[in-house]
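In: curious how this folds, go ahead:
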Amino acid sequence: MKKSILIISLLYINVTSAQFEINFESLMDQNVVSNTDKLISYRDSNPKVKGINTSGNVVKVIELPGAEYWGSTIVDKFQRKVNFKNGRYFSVDFLSPKSKGMITLKFGKDIEKDFIYSGKANTWRRAVFNFSNISKSTTSLKIEIFFDLKDYSDPSTFTDKNMSEEVFWFDNIRQSKRRIRKKR
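Out: As a prediction, this is how the structure comes out:
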């Protein structure tokens, strides 16, 4: 009986303090919505099961012509909080039709980081975000992901609306207490 109680206690401690990973394979990870018209986000089949992302399901983000630049995809964790005491490093696997751009990860009102990328288009890449300057007491009920919120590569082409349809994919949102290595 004591062994059972010990095992259950250890499992409880591990589950309640565990870092999270959202991989969109489970139905529990499907609460994905857009925050604006002309931005469509939903769970879909992985278009390129290759490289760092060989999972079956991912989130597809379609930015239609006229979509607001500040449009984002919101991943709601079903009222489970992201707790920064469990780690302040995050990563997201993404696939972009562009060779250069930016992905932004946001928690709550004012907690966000940008990841500027370059490399081969239409290939799974990993964006790594360091929130080590954010208090460990920070929590958030949702995660927002933006593609090309700001265009640092060519500010002269910045407009407040997208002019053509673009499709992005993301998957495997991970939290860690240690720095996450970037994989290409």
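In: show the end-to-end separation of stretch 33-49, please.
Out: Stretch 33-49 has its terminal residues 24 Å apart, counting by C-alpha to C-alpha, to the nearest Å.
In: ok, now stretch 65-76?
Out: 26 Å.
In: flag every buried residue along that stretch.
Out: By 16 or more other C-beta atoms under 10 Å, the buried positions in stretch 65-76 come out as 67, 69, 71-73, 75. (Glycine included, C-beta is placed from N, CA and C.)
In: from the chain's centroid, how far away is that stretch?
Out: For stretch 65-76, the separation from the chain centroid amounts to 13 Å (computed by C-alpha atoms, centre = their mean, to the nearest Å).
In: picking up where we left off before, show me which pair in the buried residues of stretch 65-76 is furthest apart.
Out: Maximum pairwise distance among these (C-beta to C-beta): 19.8 Å, between Y69 and V75.
In: next up, phi/psi of the closest residue to K85 other than its chain neighbours, please.
Out: In space, and not counting its chain neighbours, K85 is closest to K136: 4.4 Å by C-beta to C-beta, 6 or more residues apart in numbering. Note on K136: backbone dihedrals following degrees, to the nearest 10 are phi -60, psi -20.
In: K136 touches F84, doesn't it?
Out: Yes. Using C-beta atoms under 8 Å, K136 makes contact with F84 at a distance of 5.3 Å.
In: ok, the two, which is more surrounded?
Out: More crowded of K136 and F84, by other C-beta atoms under 10 Å: F84, with 20 against 12.
In: contact partners for that one?
Out: Neighbouring residues of F84 by C-beta atoms under 8 Å, 6 or more residues apart in numbering: 131, 134-139.
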